[in-house]
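Novice: The sequence isn't on hand, but the structure is:
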């Protein structure tokens, strides 16, 4: 894992001191809330419905044990004992006091963490595959490139006042777990005909009010040229992106209005002028970063472990958890263990201080001190010996972290919604809790199979509802919450934007509506089909019929 | 109102006119918007005083390619600090087109943006506060950070090149 050197540490330290001064000026009344706003936003401090919110960056979703332990400590000391993991692989705290935030940032800096660029119209935290460096299907570990992107994008002097926020995601696997096609820039590692590994570059994907799947601007860019190419895209966006309307300011609108061919032409023209400049990264430097993410000291093991098999046959709950939450590892004898933050009826993505500390301890003991945050709001222990899985699960289970529901109908992505957010038009957490309870029975969930429900409490789509197999958008109609259902969204390599099924449902009706969709799917599915596969085969009509009948 | 350049407050020696305004006497130093410069180029270049151009958001600095050596100053307007197009103009002018005259940020120029402007090639800042206060703001802003990840044309040494030097020294 990447360790800060003195340059990285110095940068974060200076930033922390700078913000402490800014908060002091604000508390002393030297600057108004209006003048303070851009300064606090640059440091991840939002003003929510009831309190300030602090969003802490988890670069490319990778945490060390000591970092996660510190996040737990911060939840206890500066918040009400919990934190909320977000779809950007970050964590946010909902109840910090403004005058204590500089101290919280100092405590973060002690473990090489910060809240830089978790808000504002700048390049946000780069996200990637949560199984990076562990997945069996990976072409190459994307994290060295993510770290180079992190450095390139941190306090980029030219791109800190972009038309709008800018999000980059990278996948090193053909099975896209990072939703790269719904990002401003999506990077997919692959090999060209010459056998070199590089990136397909997609641009203009995004969710929000106007969702788009990203378009390929370049089939292949070599590793050495990646950063000058990113700079070329950002410069074109900074110069030509719309600034007249906040809702039309993302690069997706520029790509949509001008067309991908025109944008490609501008980017290529720009790139031609900078590609041989100082942003070209040589092989030696790349090798240096690859070395920092070198695989941990795996033992040479047989892929079969007798104790593991025995525990599975003796303990049905453990076997269920393995079935849903444990993923194949590239190293024989090891596995990837997913820690669900979606207990039945719980709040998606929330973790308490003691839960964070437990996962930190487990990672130290069983996973080389490595923890990942997923954009689906769960945690991962990426390198667990199969022989240790039962011990890990037993500990997780005692702490209500052993729910066996990864990818199932209760593994819901939800934004904070009207319970916290000043922008929300409806509550989303209570709805996700009710759906989770309705489908809580594990056998039923397993029978339903992979089904991604994603809930947003307003049109800004922080809950990614556009790419939910079933998406739910909470709106406000004359003072009453109602929920619009979309079907057929997908954030994977087969990305698609869901279609609106029809009129919205009241809060009282919506869970029944979801259940009727699931029942219909069970009725008509063919062998091996997931919900999304059935939907793609039969289309909207059969589902529309169960929702609306003759209505 | 004060203009800070090279660690001191400088005099305003330029008259800026808009698209329609009357031009001052021929020996006065004059700054005109890019659109007007393009329209009246020949007569403007024939004046006796110094000439500068103001870029507004949406302008293309490339339009000045043939005339850069005749311009003593280019001002880049930031109508709101949130409009960051001027940062790109600064880098294009300095790093690509080789402009060596004064590059002055005007408009909504605030303390917290000055370091970024400097990194993008600006060397003068027109602030909406008085002399000493303006100078102190610029000084404080320029020394707030000391680690830089991105190579720009500003001459600052990046963390990466410092790391390389260190690695080379250790070998």
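Specialist: Structure's in. What do you need? Note that this is a predicted model, so its numbers are computed, not measured. Numbers count the residues shown, from 1 in each chain, chains lettered A, B, ... in the order given.

Novice: Near chain B, which residues of chain A are found?
Specialist: By C-beta under 8 Å from any C-beta of the partner chain, the residues of chain A that approach chain B are A:5, A:7-8, A:10-11, A:14-15, A:18, A:38-39, A:121, A:151-152, A:154-162, A:235, A:238-239, A:243, A:273, A:277-279, A:285, A:288. Bear in mind the C-beta positions are built from the backbone N, C-alpha and C, glycine included.

Novice: Would you check how far apart the nearest residue to residue B:92 once chain neighbours are set aside and residue B:103 are?
Specialist: Counting by C-beta to C-beta, 6 or more residues apart in numbering or on different chains, the nearest residue to residue B:92 once its immediate chain neighbours are dropped is residue B:61, at 5.0 Å. With the distance defined as C-beta to C-beta, to the nearest Å, residue B:61 ends up 10 Å from residue B:103.

Novice: Residues in contact with both of these two, list them for me.
Specialist: B:74, B:93 (C-beta atoms under 8 Å, 6 or more residues apart in numbering or on different chains).

Novice: what's the burial count for residue 4?
Specialist: This is for chain A. 14 (other C-beta atoms under 10 Å in any protein chain shown).

Novice: you looked at the wrong chain, it should be chain B
Specialist: 26.

Novice: Quick check: residue A:506 touching residue A:480?
Specialist: Yes. If you go by C-beta atoms under 8 Å, residue A:506 and residue A:480 touch, sitting 7.1 Å apart.

Novice: give the contact list for residue B:138.
Specialist: Residue B:138 makes contact with B:4, B:7, B:111, B:114, B:125, B:127, according to C-beta under 8 Å, 6+ apart.

Novice: before we move on, what SS does the residue in the stretch 251-400 of chain A positioned nearest to chain B have?
Specialist: At 3.8 Å from chain B, residue A:278 is the closest residue in the stretch 251-400 of chain A, using C-beta to the nearest C-beta. At residue A:278 the chain is in coil, as set by DSSP: H, G, I helix; E, B strand; the rest coil.

Novice: give me every residue that touches it.
Specialist: residue B:151.

Novice: same deal with the one 3 residues further on?
Specialist: With contacts defined as C-beta under 8 Å, 6+ apart, the neighbours of residue A:281 are A:148, A:223-224, A:226-227.

Novice: And it, how far from residue A:332?
Specialist: For residue A:281 relative to residue A:332 (C-beta to C-beta), the value is 33 Å.

Novice: next one: residue A:364
Specialist: Distance from residue A:364 to residue A:332, by C-beta to C-beta: 23 Å.

Novice: Of those two, which one has the most company?
Specialist: Neighbour totals were compared for residue A:364 and residue A:332, and residue A:364 leads with 17 against 13 (other C-beta under 10 Å).

Novice: That one contacts residue A:63, doesn't it?
Specialist: No. The pair residue A:364 / residue A:63 is not scored as a contact, 11.7 Å apart, by C-beta under 8 Å.

Novice: Let me see the ranges of the helices in chain B.
Specialist: B:34-39, B:41-45, B:85-91, B:111-119, B:131-142, B:159-170 (DSSP state H).

Novice: Determine which stretch of those is the most buried.
Specialist: Ranked by mean neighbour count, the helices of chain B are led by helix B:85-91 with a mean of 27 (mean count of other C-beta atoms under 10 Å in any protein chain shown).

Novice: helices or strands next to it in the packing?
Specialist: helix A:226-240, strand B:73-78, helix B:111-119 (3 or more C-beta pairs under 8 Å, 6 or more residues apart in numbering or on different chains; DSSP states H and E).

Novice: change it to 6 Å
Specialist: helix A:226-240, strand B:73-78 (3 or more C-beta pairs under 6 Å, 6 or more residues apart in numbering or on different chains; DSSP states H and E).

Novice: Name the residues that touch the longest one?
Specialist: Looking back up the chat, that one is helix A:226-240. The contact list for helix A:226-240, computed with C-beta atoms under 6 Å, 6 or more residues apart in numbering or on different chains, reads A:152, A:159, A:162, A:221, A:251, A:266-267, A:270-271, A:274-275, A:279, A:281, B:85, B:88.

Novice: What is the least confident helix or strand in chain B?
Specialist: For chain B, the helix or strand with the lowest mean confidence is helix B:159-170, at a mean of 90 (criterion: mean pLDDT, DSSP states H and E).

Novice: For residue 74, grab the count of nearby residues.
Specialist: I'll assume chain A. So residue A:74, with other C-beta under 10 Å, has 25 neighbours.

Novice: Let me rephrase: I mean chain B.
Specialist: 24.

Novice: Residue B:72 too?
Specialist: Neighbours around residue B:72, by other C-beta under 10 Å: 15.

Novice: Verify the stated contact: it with residue B:53.
Specialist: No. In this structure, residue B:72 is not within contact of residue B:53 by C-beta atoms under 6 Å, at 10.1 Å.

Novice: quick one: low-confidence ranges for chain B?
Specialist: Judged against pLDDT under 70, chain B has no low-scoring part.

Novice: Point to the residue nearest the middle of it.
Specialist: Geometric centre of chain B, nearest residue: residue B:103, 2.6 Å, by C-alpha atoms, centre = their mean.

Novice: Give the bridge partners for it, please.
Specialist: Beta bridges link residue B:103 to residue B:74, judged by DSSP bridges.

Novice: and residue A:89, helix, strand or coil?
Specialist: coil.

Novice: How about the one 3 residues further on?
Specialist: At residue A:92, secondary structure determined by three-state DSSP is strand.

Novice: Report the contact partners of it.
Specialist: Contacts for residue A:92 (C-beta under 6 Å, 6+ apart) come out as A:53, A:55, A:84, A:86.

Novice: what's the answer for residue A:224, then?
Specialist: A:280-281.

Novice: Check for me that it belongs to a helix.
Specialist: Yes. Per three-state DSSP, residue A:224 lies within a helix segment.

Novice: where's residue B:39 relative to chain A, distance?
Specialist: Residue B:39 sits 23 Å away from chain A, going by C-beta to the nearest C-beta, to the nearest Å.

Novice: That'll do, ta.
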